[in-house]
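Visitor: Dropping the sequence and predicted coords here.
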Amino acid sequence: MQSYITPEILGQTLSWEQYYALVKHYIDSDDRPELYRQEKMLRYTAENLKRMDHVLSSINIESKLYNQLSAVTDHWTWVVLAEPWCGDVSQEIAALYTISTCSDRVDFRILQSDSHPQVLDHYTTGGSRSIPKLICLRTDTGEELGTWGPRPQALQQIVMEDKDRTDISFGDKVRMIHAWYAQDATRSIQEEFIDLVKKWNS
C-alpha cells in the first residue's frame, strides 16, 4: 500500500538529534512557539525531557528484538508523529529511537503532528488524534508496511477503559499512566516490536 507520507512530507521531518535539540530549545530559550510560553506547557515539556533522558539511560534492548532487527533485509523509514508537550511521546519516543538504532537499515524520522494535522487525521486511533504514531515505510518505494501506536496495547486498553470514569481525576489518570510506564520499563513496546519487525520483514 502506498503511504500517505509523501516525499514532500518526509522532507519536513526531523532527525532524532534535531528533535531532541528542539525540545531543549523550547525549554531553555525565550524564542519559543506561543504554546510553550504557557507556564503549564513549559513545565510539561521540561518534565517530558527528563522522562526521555531516563528512558535513554535505562533502556536495555532484548536480544530477540535486536536479532529481529539485525535480520531486516530492506531499508525502512520509521516516521513518528510526535510533539514535545505529550507525556506518552516522552515515554515512548526515546525507546522507539533506541530500537531503530539496532539496525543500520532503519532511518528514524520525526514529524511534528501539530504542524501537520492532515497527516495526524489520516492516522487516527479509533477516531482519536493520539500520539505518538509510528509509520513504517519501505524507503525505496514509499510503500507503507504498517503502523504502531499510540501506546502499548496493554496500556491502551487501560486508558480506554478509564476514559469515561468520573471517579478518577484527569491528573490521577495521567499519574497512573506514567506509573505504568515506569513499572513496564519498555518491556511491552519491545515485545510488540519483536512481532512487528518479523511481520514487516516477511
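Guide: Great, that's in hand.
Visitor: I'd guessed residue 156 sits against residue 150; true?
Guide: Yes - taking contacts as C-beta atoms under 8 Å, residue 156 lies within contact range of residue 150: 7.2 Å. Just so you know, the C-beta spots here come from the backbone N, C-alpha and C atoms, and that holds for glycine as well.
Visitor: show me the contacts for residue 78.
Guide: 96, 100, 106, 107, 108, 109, 134, 135, 136, 137 (C-beta atoms under 8 Å, 6 or more residues apart in numbering).
Visitor: May I see those arranged in CSV, with distance to residue 180 as well?
Guide: Converted to CSV, those look like this (distance: C-beta to C-beta, whole Å):
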residue, distance to residue 180
96, 17
100, 23
106, 27
107, 30
108, 24
109, 27
134, 19
135, 24
136, 25
137, 30
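Visitor: Which elements pack onto the longest helix along the chain?
Guide: Selection of the longest helix in the chain by residue count, based on DSSP state H, yields helix 39-58. Applying 3 or more C-beta pairs under 8 Å, 6 or more residues apart in numbering; DSSP states H and E, one finds that helix 39-58 contacts helix 16-28, helix 87-100.
Visitor: which residues touch that helix?
Guide: By C-beta under 8 Å, 6+ apart, helix 39-58 touches 20, 23-24, 26-27, 32, 35-36, 84-87, 89-91, 93-95, 98, 178, 181, 185-186.
Visitor: helix or strand right after that helix?
Guide: Moving toward the C-terminus from helix 39-58, the next helix or strand (DSSP states H and E) is helix 63-70.
Visitor: for that next one, packing partners?
Guide: Using 3+ C-beta pairs under 8 Å, 6+ apart, helix 63-70 sits against helix 187-201.
Visitor: Please identify the buried residues of the helix it packs on?
Guide: 188, 189, 190, 191, 193, 194, 196, 197, 200, 201 (16 or more other C-beta atoms under 10 Å).
Visitor: Residue 27: what's it in contact with?
Guide: 42, 45, 46, 49.
Visitor: Most neighbours of all the residues you listed, which one?
Guide: residue 45 (21 neighbours; other C-beta atoms under 10 Å).
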